[in-house]
Every structure is written in structure tokens, then in C-alpha cells.
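Student: any chance you can model this:
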Amino acid sequence: MAVQTPIRGLRSFCIAAKCLSFKHAAGQLFLTPSAVSHQIKQLEEQLGIELFKRQTRAIELTNAGKQFYQSIQPLISSLETTIADFTNRQQNKTITITLPEFFASELFVPKLSDWTNENPEINLQLETVKSGMQTPSTADLSVVLSNGKPNGSIITDLFPVRYVPACNKRLYRKWAAEGYDALKSVPLILHQSRPWAWHQWADKADILDFDPKQIIQFDSMFGVARAAQQGMGIALIPMPISQTWFKEQFLVRLFEQELVTNDRYFLLRHEDIEHSPEIQKFADWVQDTFCDLW
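Tutor: Purely as a prediction, here's the structure:
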């Protein structure tokens with residue numbers, strides 16, 4: 001019957017042969033020096049040859065040990081590489097993406113099941129940030145809202161944003177008949193990143209005597225939309241990102257005039273994705289799903 005040589009004995013031999021120390025080999029293998037010595041002794045008995053000359057404070061390879069090391073070391077190295085590659089392929093890759101919180105809740109998450117159903121082997125880590133906040137540098141990908149092209153090596157233009165005045169259904173019935181006069185008697189709501197948006201909208205609408213009663217700013221677009229839904233006032237709501245709010249009639253468009261700005265959503269890639277097929281695949285999906293959305 002053929003004698004089976006354990007792989008761990010061969011690996012212990014290769015490391016000990018390279019550093020010529022059972023103690024140093026034990027440190028790399030997370031074993032005791034006596035365990036390494038025992039494994040190599042078993043290997044010598046199985047081979048029927050002496051691999052090391054053992055001295056009081058040192059070891060050295062015998063001629064047969066040198067020949068065996070030159071023959072077996074490339075095989076062990078190749079085997080370790082194969083095992084590592086296979087293990088990496090079996091482990092799920094995790095992709096980190098940062099997104100504005102309103103984009104994530106209104107557009108990204110409702111579409112995400114399309115991706116997860118097709119790619120169950122890839123994990124995702126989603127991190128939401130408020131508009132205007134800096135994107136964490138640890139992310140693989142980021143979706144950002146920017147007034148102009150942001151800095152970055154790989155940038156994909158997704159879609160532009162326009163703003164429309166809206167309120168809830170109950171107040172729409174009250175204010176729609178008043179026309180632009182309603183703007184003088186109710187609070188006007190907007191995101192703090194665009195503090196002059198209502199004035200810009202009024203200029204586009206040719207309202208010469210624009211004099212709002214009160215302007216309320218929120219630091220999140222979700223807060224803007226929710227305040228309008230609950231009847232606090234009339235809000236400038238971003239489209240097409242808020243289209244679900246209108247389809248489900250949480251909000252009703254009050255005037256036809258839109259505010260078109262340079263605000264656009266962009267996809268930023270923070271890693272050399274040519275060497276990461278998972279990130280490349282996910283970036284392609286984001287681009288295909290949200291590019292040119294209007």
C-alpha cells in the first residue's frame with residue numbers, strides 16, 4: 001500500500017528549508033518548534049531519507065534535502081496559490097456604495113431586487129449620506145448630486161434634476177384656484193442646499209412681485225417632501241426622483257412651471273474596476289438602470 005504524505009509536512013519542510021530554522025518556521029505556521037520538527041521527522045521516515053543535518057543551535061539541508069526542496073517547493077507554491085484563488089472565488093465579494101439618502105429610498109432601493117436576484121453571490125453595503133456631505137473614501141462606488149461635474153477619475157453622468165412646486169391633495173384644492181397668490185399666504189419649503197431656489201423659480205415664472213410669507217429650509221430632501229405631504233406648505237420637489245410621490249398622490253403638482261438647474265446625479269468609481277469584475281458589473285447595472293432617467 002502506498003504511503004500518503006501529508007501536505008502539512010511538505011509545507012513545514014519547505015518553510016524550514018527556506019529559513020533554516022524550525023523556530024522561525026513554527027512562527028510562520030503558528031505551531032510550536034517541536035511540532036514542526038515532528039512533522040519533518042515523519043516526512044523523513046516516509047521518504048526514507050534524511051532531509052536536514054541537525055546541530056545543537058542550527059540545521060542545514062543535506063544534499064538529498066536540497067534536491068527534494070528544489071523539486072517540491074514549486075509544487076507546494078502552486079498548490080497554495082490554487083487553494084487561495086479557489087477560496088477567494090467561493091467567498092462573496094462585498095461592494096460598498098454611498099448614495100444620497102433620498103436617491104437611495106426613492107429610486108435605488110425599489111430597483112435593487114433586480115440586481116440581487118441576478119447576483120446572489122455578491123454582497124452589497126449601502127451607506128446613505130445627506131446632500132452636500134462628503135462621500136467616504138472607503139466606498140467602491142458613489143452616487144452624488146452635484147451642480148456641475150464632480151472631481152473623480154471615472155465619472156458617469158446619470159440624469160439631470162428639475163424642481164416642481166407641489167403640495168398635498170387637500171391643500172391643492174384650496175390653493176389651486178388662487179394661482180400664484182397662494183405663494184404669498186403659505187410657507188414655501190425647500191432644501192437648504194438651494195436657499196434661493198424659490199426666487200429662481202419665481203424668476204422663471206415671470207412673477208414680478210414675488211414676496212413669500214415664509215421660507216422653511218430642511219437639510220434632507222425627504223424632510224422637504226414629507227413636510228409638503230403633511231400640509232406644512234408648498235415645496236420645490238426634485239423630479240424625476242420623486243415620481244412615486246406623485247403617482248401615489250402623496251403630492252400634487254401645483255404649477256406647471258419648472259425650475260431647471262445644473263443639478264445632476266453622477267456615478268463615481270473610486271477603484272480600478274478593471275481588476276474587479278464584480279464592481280465593474282455593478283457599475284454597469286447602475287448606469288443601465290439610471291442613466292438618462294427623465
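
Student: so Phe250, which of the three states?
Tutor: Assigned with DSSP: H, G, I helix; E, B strand; the rest coil, Phe250 falls in the coil class.

Student: do Thr128 as well
Tutor: Using three-state DSSP, the secondary structure recorded for Thr128 is strand.

Student: is it true that it touches Ala104?
Tutor: Yes - taking Cβ atoms under 8 Å as the definition, Thr128 is a contact partner of Ala104 at 4.9 Å. Backbone N, C-alpha and C define where each C-beta goes, glycine included.

Student: between these two, which has more neighbouring residues?
Tutor: Remark: of Thr128 and Ala104, Ala104 carries more neighbours, 20 against 17, as counted by other Cβ atoms under 10 Å.

Student: picking that back up, what do Thr128 and Ala104 both touch?
Tutor: Common neighbours of Thr128 and Ala104, using Cβ atoms under 8 Å, 6 or more residues apart in numbering, do not exist here.

Student: kindly state the domain boundaries assigned to this structure.
Tutor: 7-90, 93-156+265-290, 161-263 (automatic domain parsing).

Student: skipping adjacent residues, who's closest to Ala101 in space?
Tutor: Heads up, residue 101 is Glu, not Ala. Sequence neighbours aside, Thr128 is the residue nearest to Glu101 in space, at 4.0 Å (criterion: Cβ to Cβ, 6 or more residues apart in numbering).

Student: so what's the predicted local confidence for the one you found?
Tutor: At Thr128, the model reports a pLDDT of 89.

Student: same check on Val252?
Tutor: Predicted confidence (pLDDT) for Val252: 95.

Student: mind jotting down where the strands sit in this structure?
Tutor: For the chain, applying DSSP state E gives strands covering 52-54, 59-61, 93-100, 122-129, 141-147, 154-167, 187-191, 214-218, 234-239, 252-253, 259-269.

Student: so which of those strands is nearest Ala26?
Tutor: strand 59-61 (12.5 Å; Cβ to Cβ).

Student: from the contact counts, what lies against the closest one?
Tutor: Secondary-structure packing of strand 59-61 (3 or more Cβ pairs under 8 Å, 6 or more residues apart in numbering; DSSP states H and E): strand 52-54.

Student: so what strands line up beside the strand it packs on?
Tutor: When pairs are called by DSSP bridges, strand 52-54 turns out to pair with strand 59-61 (antiparallel).

Student: average pLDDT for the strand it pairs with?
Tutor: pLDDT averaged over strand 59-61 gives 91.

Student: got it, and stretch 168-184?
Tutor: For stretch 168-184, the per-residue pLDDT averages 89.

Student: and for stretch 230-243?
Tutor: Over the span of stretch 230-243, the pLDDT mean works out to 94.

Student: gap between the two ends of that stretch?
Tutor: Start-to-end span of stretch 230-243 (Cα to Cα, to the nearest Å) is 17 Å.

Student: tell me the buried residues in that stretch?
Tutor: Using 16 or more other Cβ atoms under 10 Å as the test for burial, stretch 230-243 gives Met232, Gly233, Ile234, Ala235, Leu236, Ile237, Pro238, Met239, Pro240, Ile241, Ser242.

Student: mind listing what the first one touches?
Tutor: Going by Cβ under 8 Å, 6+ apart, Met232 touches Pro187, Ile189, Ile216.

Student: and the gap between the last one and Ser242?
Tutor: So that's Ile216. As judged by Cβ to Cβ, to the nearest Å, Ile216 and Ser242 stand 18 Å apart.

Student: just the first one next, same as before
Tutor: With the distance defined as Cβ to Cβ, Pro187 ends up 19 Å from Ser242.

Student: what about the helices in the protein?
Tutor: Assigned by DSSP state H, the chain shows helices spanning 7-19, 22-29, 33-47, 63-90, 101-103, 109-118, 169-175, 197-204, 221-229, 243-247, 277-290.

Student: hey, least reliable of those by pLDDT?
Tutor: Looking at these, the bottom one is helix 63-90 with a mean of 80.

Student: related to what we said a few turns ago, and which of the buried residues of stretch 230-243 is nearest Ala283?
Tutor: Closest approach between the buried residues of stretch 230-243 and Ala283, by Cβ to Cβ: Ile241, at 19.8 Å.

Student: thought Pro100 was touching that closest one, still the case?
Tutor: No - when contacts are counted by Cβ under 8 Å, Ile241 is not listed as touching Pro100 (9.0 Å).

Student: which neighbours do the two share?
Tutor: Contact criterion Cβ under 8 Å, 6+ apart; residues shared by Ile241 and Pro100: Met221.
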